[in-house]
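structure of the sequence below:
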Amino acid sequence: MDLLCMKDITITYGKSETASVEHFSLAMQPGEIVSIVGESGSGKTTVIRSILGLLPGGGKVKEGDILFQGNSLLNLKKDQWKALRGTDISMIFQDSGAMINPIRKIGDQFAEYIRTHEKMSKKQAWERGAEMLTRMHLPNSDNIMKSYPFQLSGGMRQRVGIAMAMTFQPKLLLADEPTSALDVTIQAQIVRQFMELRKLYHTSMIIVTHNIGVAAYMADQLIVMQHGKIVDAGKRDDVMKHPKSDYTKNLLACVPDMEGKRYV
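Numbers count the residues shown, from 1 in each chain. Predicted coordinates for the structure are as follows:
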């Protein structure tokens, strides 16, 4: 059975009849990484927000179905979403620091997050949070727990976001542009972190990015979107070596060569 199956979904916002995403389909297995690549406005973030029922501005799945472990996600009640989000399915945003309350210490927020999903004392939750930070290769985790978000670098904040998202070892991790707010060196470290998480926890991931180099490096499946539609999809090597759309061909042409070798 597929871990996640998105069946021909079409998504609209508000009263608009114009679809933001049209006829999007995806089937993924446990432990698989899917990269969705495309320019801003192509609908890739809308796709992953629909999985968690987090479409803003009156967004709704107008057609199709989204199945997680064989069960539809489209008609879940509030308490069912609460049980699912952050445990079986977690999400990481472009700048995790922006999602963290700037006037509260990391540790207070981390412990509170853990206690919303599991009954334990504040001390136990604090220790578990510090342990997760250590697993994400953050030095002096206790100092980070006592810090405010603005006291951390962008890369450290992103690792805090990943640590929080991985606390309950989710079966599916959704990552929305997880490296684009970081410099190139830190980007590489975060990408390696994701690959390590897959190896350690057998976590399935959907990575949304406009960087086809990052997408190709990480993906088992590669999906290319333009104007709300899939223009190329398949196993990574098939899409890279035999792109069907001009858009994908142009994206690949933008990847620089060095001494005749393409680093993608």
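
quick check: phi and psi at residue 73.
Main-chain dihedrals, residue 73, degrees, to the nearest 10: phi -100, psi 0.

how many residues are close by the closest residue to it other than its chain neighbours?
Leaving aside its chain neighbours, residue 73 sits nearest to residue 66 (4.6 Å; criterion: Cβ to Cβ, 6 or more residues apart in numbering). Where C-beta positions appear, they are placed from N, C-alpha and C, glycine not excepted. Neighbour count for residue 66, taken as other Cβ atoms under 10 Å: 21.

with residue 252 instead?
By other Cβ under 10 Å, the residues close to residue 252 number 18.

what's the pLDDT at residue 237?
Residue 237 is assigned 93 on the pLDDT scale.

thinking again about what came up before, hmm, who's touching the one helix or strand the residue nearest to residue 73 maps to?
Assessed by DSSP states H and E, residue 66 sits inside strand 60-68. Strand 60-68 has contacts (Cβ atoms under 8 Å, 6 or more residues apart in numbering) with 2-13, 19, 23-25, 50-51, 55, 72-74, 84, 88-89, 172.

for the stretch 51-200 of the chain, which segments count as helices?
78-84, 96-99, 106-117, 122-135, 141-145, 154-166, 184-201 (DSSP state H, counting those that start in this stretch).

ok, the closest residue to residue 42 other than its chain neighbours - contacts?
The shortest distance from residue 42 to any non-neighbouring residue, by Cβ to Cβ, 6+ apart, is to residue 225 (4.3 Å). By Cβ under 8 Å, 6+ apart, the residues touching residue 225 are 24, 36-38, 42-44, 47, 231.

can you redo these as JSON lines with pLDDT, distance to residue 180 and secondary structure?
JSON lines is the format used below for the contacts of residue 225 (pLDDT from 0 to 100; distance: Cβ to Cβ, whole Å; DSSP: H, G, I helix; E, B strand; the rest coil):
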{"residue": "24", "pLDDT": "98", "distance to residue 180": "22", "secondary structure": "strand"}
{"residue": "36", "pLDDT": "97", "distance to residue 180": "14", "secondary structure": "strand"}
{"residue": "37", "pLDDT": "95", "distance to residue 180": "12", "secondary structure": "strand"}
{"residue": "38", "pLDDT": "92", "distance to residue 180": "13", "secondary structure": "coil"}
{"residue": "42", "pLDDT": "93", "distance to residue 180": "14", "secondary structure": "coil"}
{"residue": "43", "pLDDT": "94", "distance to residue 180": "17", "secondary structure": "coil"}
{"residue": "44", "pLDDT": "94", "distance to residue 180": "12", "secondary structure": "helix"}
{"residue": "47", "pLDDT": "97", "distance to residue 180": "17", "secondary structure": "helix"}
{"residue": "231", "pLDDT": "97", "distance to residue 180": "21", "secondary structure": "strand"}
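
which one of these is nearest residue 220?
Proximity of the contacts of residue 225 to residue 220 (Cβ to Cβ) peaks at residue 36, which lies at 12.7 Å.

now the closest one, which residues is it bridged with?
Using DSSP bridges, the bridge partners assigned to residue 36 are residue 208, residue 223.

burial of it, as a residue count?
27.

so what's it up against?
Residue 36 neighbours (Cβ under 8 Å, 6+ apart): 44, 47-48, 206-209, 215, 223, 225.

any idea which residue sits dead centre in the protein?
residue 175 (1.3 Å; Cα atoms, centre = their mean).

list the beta-bridge partners for that one.
Counting by DSSP bridges, the residues bridging with residue 175 are residue 92, residue 207.
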